[in-house]
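Undergrad: Turn this into a model:
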Amino acid sequence: LIVVSASSKQSDDTTCSYMDMTSDIQIKPSILKPIAREIPANKPFRCQLCGKSFSQAANLTAHKRVHTGERPFSCLICNRQFSQSSSLVTHRRTHTNERPYQCSHCDKKFTDSSTLTKHLRTHTGQKPYGCDICFMRFTQSGNLHRHMKTHKNL
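TA: Numbers count the residues shown, from 1 in each chain. Now for the predicted structure:
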């Protein structure tokens, strides 16, 4: 069991000792409680910044780019940069018009499997994302997040 704790000291600036950066993020005192989390045996590689665990060291290395903003993978055609090599592979398809993922219902083609998965929901009617407040359901997580803003004043 590893216990991750936060200091109860408040200031206008929050300093990250890991990256030696300062931010003006306001931290609510209610979240400054020690957090106890178990590391799953099948995910021994843990991010020291957010506590997320991974099964492979390479996945942790890739995840750390979320915190650092590093984008080491660059498109040779347009110079756009990516944090994940798989994102670069998918992006390259925009230049080549390669669309290897085909819908079995209407024959539309897509550059990546996740876009095909979202598209398939237009045929199946599946709405996997639900609001815990009013129980409306959505086909995409972004639509649920946008919807949640309607409940802000409740």
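Undergrad: shouldn't N42 be in contact with F54?
TA: No - judged on Cβ atoms under 8 Å, N42 makes no contact with F54 at a distance of 9.8 Å. Every C-beta, even on glycine, is put in place using the N, C-alpha and C of the backbone.
Undergrad: quick one: the residue nearest to S141 when sequence neighbours are not counted and T117, what's the gap?
TA: The spatially closest residue to S141, leaving aside those adjacent along the chain, is Y129, at 5.2 Å (Cβ to Cβ, 6 or more residues apart in numbering). Distance of Y129 to T117, computed by Cβ to Cβ, to the nearest Å: 13 Å.
Undergrad: Of those two, which one has the most company?
TA: Y129 (16 against 12; other Cβ atoms under 10 Å).
Undergrad: quick one, strands of the protein?
TA: Counting by DSSP state E, the chain has these strands, from start to end: 2-4, 14-16, 21-23, 35-37, 45-46, 53-54, 73-74, 81-82, 101-102, 109-110, 129-130, 137-138.
Undergrad: and the last one, what other elements does it pack with?
TA: It stands for strand 137-138. In terms of contact count using 3 or more Cβ pairs under 8 Å, 6 or more residues apart in numbering; DSSP states H and E, strand 137-138 is assigned the packing partners strand 129-130.
Undergrad: Tell me which other helices or strands the strand it packs on touches.
TA: If you count contacts as 3+ Cβ pairs under 8 Å, 6+ apart, strand 129-130 packs onto strand 137-138, helix 141-148.
Undergrad: Give me the nearest residue to the residue most central in space within the chain, chain neighbours excluded.
TA: Residue closest to the mean C-alpha point of the chain, counted by Cα atoms, centre = their mean, is V66 at 8.2 Å. Spatial nearest neighbour of V66, chain neighbours left out: S83 (7.3 Å); criterion: Cβ to Cβ, 6+ apart.
Undergrad: So for the one you found, what's the pLDDT?
TA: Residue-level confidence at S83 comes out at 96, pLDDT.
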